[in-house]
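[1] Predicted model follows, preceded by the sequence.
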Amino acid sequence: MTPTPDTLLAEKFLPSPNHGARRVGPTDALILHYTGMPTGEAALKLLTTEQGGVSCHYLVWEDGRIWQLVAEDRRAWHAGKSFWAGETDLNSRSIGVEIVNPGHSDGLPYRPHEIFGGCPPFPEPQIAAVIALSRDICARVKIPPQRVLAHSDIAPSRKIDPGELFPWARLHAAGVGLWVEPSTLRPGPTFEPGALGPPVAALQHMLAAYGYGVEITGAYDAATQDAVAAFQRHFRPEKVDGIADVSTLETLRALLEATASA
């Protein structure tokens, strides 16, 4: 018998075989992805066949339709190798939502603010559906704002979805997730690959305090660059280059202050 969706917002439940028991708890995170495949139909096939080896709880189509693929009390296979705030089994702690979008055409982790790698914008009906679904999940499951995350947040060395064009500010305005107004881009000192010393360690402390998987080494290594780019992609999308400029640092400090009062 086909399961009943966990939310009235889901049009149908199309079961995926790719899931298991949650290993740790509680379920306290919402992770948003884009499918990154040419069509939604191709993504659906991958997510619902055993050979695909991946799944998610919900799939949101371009026209706003919401399909459930895995029950919320089960461990869907969407996060992969990941880390957030000391946790490595994000699949067990999260609900995963895949948003149909082919993604970045170039797959580059860093890009100037003028270039978005051919990632098409998300249609309005789709974003409205994502907001409604996210609000519903966060309210029922009691997911705190600071744990509404991008796939790129939890796997910054591997993933860049849902990308710079995803409207995190709109979700926050609707009561989903955490957001601060990004600090203005302007000239000033920067930290970038090769930098060493206490200021770099302070940056790493701030990134780790929010949840990113960086070690406090005082060396601006590849993991630090990836985490900075992931932060920029989510919270300062105007320029994603993995370099900690004045705008990045100010926005990160403001976000930590907002987290403390959330």
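    Cool, got the structure.

[2] and the gap between the residue positioned nearest the centre of the chain and residue 203?
    Residue closest to the mean C-alpha point of the chain, counted by CA atoms, centre = their mean, is residue 150 at 0.4 Å. For residue 150, the distance to residue 203 equals 20 Å [CB to CB, to the nearest Å]. (Each C-beta comes from the backbone N, C-alpha and C, glycine too.)

[3] Tell me where the protein has strands.
    For the chain, applying DSSP state E gives strands covering 12-13, 19-21, 29-34, 58-60, 66-68, 74-76, 94-99, 148-150.

[4] can you tell which of these is closest to residue 193?
    strand 148-150 (22.4 Å; CB to CB).

[5] gap between the two ends of stretch 34-47?
    Stretch 34-47 stretches 13 Å from its first residue to its last (CA to CA, to the nearest Å).

[6] For that stretch, buried residues please.
    Of the residues in stretch 34-47, 34-37, 40, 43-44, 46-47 count as buried by neighbour count, 16 or more other CB atoms under 10 Å.

[7] Looking at those residues, which is nearest residue 131?
    Nearest to residue 131 among the buried residues of stretch 34-47, counting by CB to CB, is residue 34 at 15.5 Å.

[8] Go ahead and confirm that closest one touches residue 120.
    No: under the criterion of CB atoms under 8 Å, residue 34 is not in contact with residue 120, lying 9.9 Å apart.

[9] Mind checking the strands of the chain for the one nearest to residue 237?
    Nearest to residue 237 among the strands of the chain is strand 148-150; the distance by CB to CB comes to 10.7 Å.

[10] Residues in contact with that closest one: which ones?
    Strand 148-150 has contacts (CB atoms under 8 Å, 6 or more residues apart in numbering) with 29-33, 84, 94, 134, 138, 161-162, 166, 171, 176-178, 211, 230, 233-234.

[11] circling back: which neighbours do residue 34 and residue 120 share?
    Taking CB under 8 Å, 6+ apart as the criterion, residue 34 and residue 120 both touch 101-102.

[12] thinking again about what came up before, give me the spatial nearest neighbour of the residue nearest to the centre of the chain, chain neighbours excluded.
    Residue nearest to residue 150 in three dimensions, not counting chain neighbours: residue 234, with 5.2 Å by CB to CB, 6 or more residues apart in numbering.

[13] Does the one you found touch residue 151 like I think?
    No: using CB under 8 Å, residue 234 is not in contact with residue 151; the gap is 10.4 Å.

[14] which residues are in contact with both of those two?
    Counting by CB under 8 Å, 6+ apart, nothing touches both residue 234 and residue 151.

[15] residue ranges of the helices in the stretch 1-150 of the chain, please?
    Along the stretch 1-150 of the chain, the segments classed as helices by DSSP state H, counting those that start in this stretch run 40-48, 90-93, 124-141.

[16] And the longest one, what's buried?
    Just to be clear, that refers to helix 124-141. Buried residues in helix 124-141, counted by 16+ other CB under 10 Å: 126-127, 129-134, 136-138, 141.
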